[in-house]
Each structure stands twice: as C-alpha cells, then as structure tokens.
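> Give me a model of this one.
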Amino acid sequence: MNHDEPLFEDALFRQKRKKGQWREVAAPALAAPVADTHAHLHMLADPALALARAGLHNLRFVEAITDPAEDGAVVFDNLPRWLADAVGYVRRISGEAADDPQLLPEVPRVRIAAGVHPHNAKGYTPALEAELTRRLHDRRVSAVGEIGLDYHYDFSPRETQREVFRAQIRLAKEAGLPVVLHMREAHDDGFAILREEGFPEAGTLLHCYNLDAAELARWVEAGCYIAFGGPVTFKKADEVREAAATVPEDRLLTETDSPYMTPEPLRGINCEPAHTVFTAEKLCEVRGAHTPEAKEALLTRLYENALALLNRPATPWQRA
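Down below sits the predicted model:
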C-alpha cells in the first residue's frame, strides 16, 4: 500500500505511470448502482474523499470493516464526520451542478462490520469480547466480521484461531447478525467449524474468495454469499473468473477490500470503494451480460443482494 499517492480532488480514475506521471482511465458506464461489501475505510488516506468519489460513480452502499483489537473506535467515532465531509467534496467536485441539490450524486450509505480478525485471535481476552459485544449493539453494525482462519501467515496459533472463530460465530448468532468470513488456506477447517456450530440464520458472506469453482460449490450449497473483488479482473486469474460464472445470481456480491486488491487497470495504486465499478464491469463480462439491459439487470440484482444481507434494520438483540 502506497501512502504517498497524491489526493486528486476529482472523480477521475488514474493509472500510475513511470516517472511520477498519471494516465486517465475511462470509467465503466454502468446503468445501475453498485455496492462495496468490504472496505477498510479507516486505512484510506482520506475516507471522506473516497466516499465522495464512490458516490460520484454511483456506488450507493459500503460495508466498513473494523476490528476492535487494532482499530479501536476509529470507524465508529469518525464515520459521521467522514460522511459530512464527503458531501462537501461532492459539492466541490460537481462544480455548477452543486447549485441544484437534485443534481448532486448521493454519498453512499455506510454500515459497519465489527469482528476480531484471525491475525488478532491471540489477543481475544474477555475484555476484548466485551468490547466487541458493546460495539455490535451499535445499530450501524450489520455484520460480525471479518472473522475466520488464516493459516497462511499464522500470526495467531491455529488452535486459538479456531477457538476465537467459534466464539464469534456464537456471538453473531446471539446478536442475529450475518458473518463476514476471512479464510486463507484454511477452508476445510473453517467449513467444518461452521457446520458444527451452525451457519448463522442471518447469513454468511465469504470474502475475498480465491477458490476454484469445484471447491466453491459446498459454500454455495450451504447458502453462503460470495463476494468478488479486484482479483476477478487480474490477468492470470482465470480460475477466479470461472468460479464467478458459477455462483447463483442471488448469492453474488461485489467488494474491494480497500485499500488492497486494486482491480485492473488500476493495479499499483491504493484501492478505494469507487474501484468496485471495474469489478462489476468484469462480472458482467464473465457472466455474459453484454447488452445494456442485461448489465442493468445483473448489477441491480447484485446491489439488491448487498442490501438484503447487510442493510437490514437493527436486530431485536441490538434494540434491547
């Protein structure tokens, strides 16, 4: 992740070139709103500017990921300011259109997913669990995540990861909230734990999927939503595209994992929610939605999927 990128206060997409030069990249023309179901807003250089750009590209929903083990209350405390500042950015970027509020694009609706990442499982104390529970009562929270297992880095012992994963599945079920999963080189164990604990009735989202279609089948059969981000656009990611073509339309989602996993043709710069449009365009191509009508129908369904899973009213547990 490059922290030294210039902050362009406009709606243009740019590709980084040699010698500090930037080349403008045309934005996909999408006829329907899109959603980013996984963004680490607090890790962006200017979250408000990123939200403004997202709105200018018809991105209407963002799920902000936060981990009380490392992020504390950053997202919870700053989100109102980010949203207010994003409106100001939209007005400045829109120029003359700012004189007519009806012509201004909307800033995305933002909901929050809170959970302890498997990297931080070793620090899952009773005090941290109590803090997470308190955060989940915030009615802006719509999911528990990202939670799961990461056997690639093993920053926490594997047995500890499994124990903490189980604890958070139970907490999600108590709260009546869906879970957002992080699984890396641990899909067998993760699936077994979910089957033993019971997949949450509120839903399960498999984030940053990198499985082939054959392995993905059991997750789809279990009723999981599958989110695709930048990797579906990568030049050597044929298996990801083949898998994306197999997911039932009512289980398919778009995401970014901002500031990571920047899609083509913008790889090499930090990712942000607005970049979802490139993933959405590629999913249309992969799934054979080539006409404007077919694209609009597919993207509308994907957007509705995101809202149905992650933009529900507060649960009875949250209202208690």
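> Which stretches in the stretch 51-200 of the chain count as helices?
Counting by DSSP state H, counting those that start in this stretch, the segments of the stretch 51-200 of the chain that form helices are 74-94, 126-136, 158-175, 187-197.
> For residue 20, report the pLDDT, please.
Residue 20 carries a pLDDT value of 77.
> burial measure for residue 137, as a count.
A count of nearby residues for residue 137, using other CB atoms under 10 Å, gives 14. Yep, even glycine has a C-beta here, placed from its N, CA and C like the rest.
> Can you report how many residues lie near the closest residue to it other than its chain neighbours?
In space, and not counting its chain neighbours, residue 137 is closest to residue 318: 5.5 Å by CB to CB, 6 or more residues apart in numbering. Residue 318 has 17 neighbouring residues, counting by other CB under 10 Å.
> what's the helix or strand encompassing residue 318 packed up against?
Per DSSP states H and E, residue 318 falls inside helix 316-319. With contacts taken as 3 or more CB pairs under 8 Å, 6 or more residues apart in numbering; DSSP states H and E, helix 316-319 sits against helix 158-175.
> Now do the helix it packs on: everything it contacts.
115-116, 118, 121-122, 124, 129, 132-133, 136, 143-144, 147-151, 156, 178-179, 186, 189-190, 193-194, 197-198, 200-202, 315, 317-318 (CB atoms under 8 Å, 6 or more residues apart in numbering).
> I'd like the helices of the stretch 51-200 of the chain as TSV, with mean pLDDT, distance to residue 54 and mean neighbour count appended.
Below are these laid out as TSV (pLDDT from 0 to 100; distance: least, CB to CB, whole Å; neighbours: other CB atoms under 10 Å):
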stretch	mean pLDDT	distance to residue 54	mean neighbour count
helix 74-94	96	8	17
helix 126-136	98	24	15
helix 158-175	98	27	19
helix 187-197	97	30	16
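> out of the ones you listed, nearest to residue 232?
When these are compared by CB to CB, helix 187-197 sits nearest residue 232, at 18.1 Å.
> Just the residues contacting the helix or strand just after the closest one, thanks.
Later in the chain than helix 187-197, the nearest helix or strand by DSSP H and E is strand 204-206. For strand 204-206, contacts defined as CB under 8 Å, 6+ apart pick out 37, 143, 145, 178-181, 183, 194, 219, 222-227, 253, 309-310.
> Kind regards, and thank you for your time.
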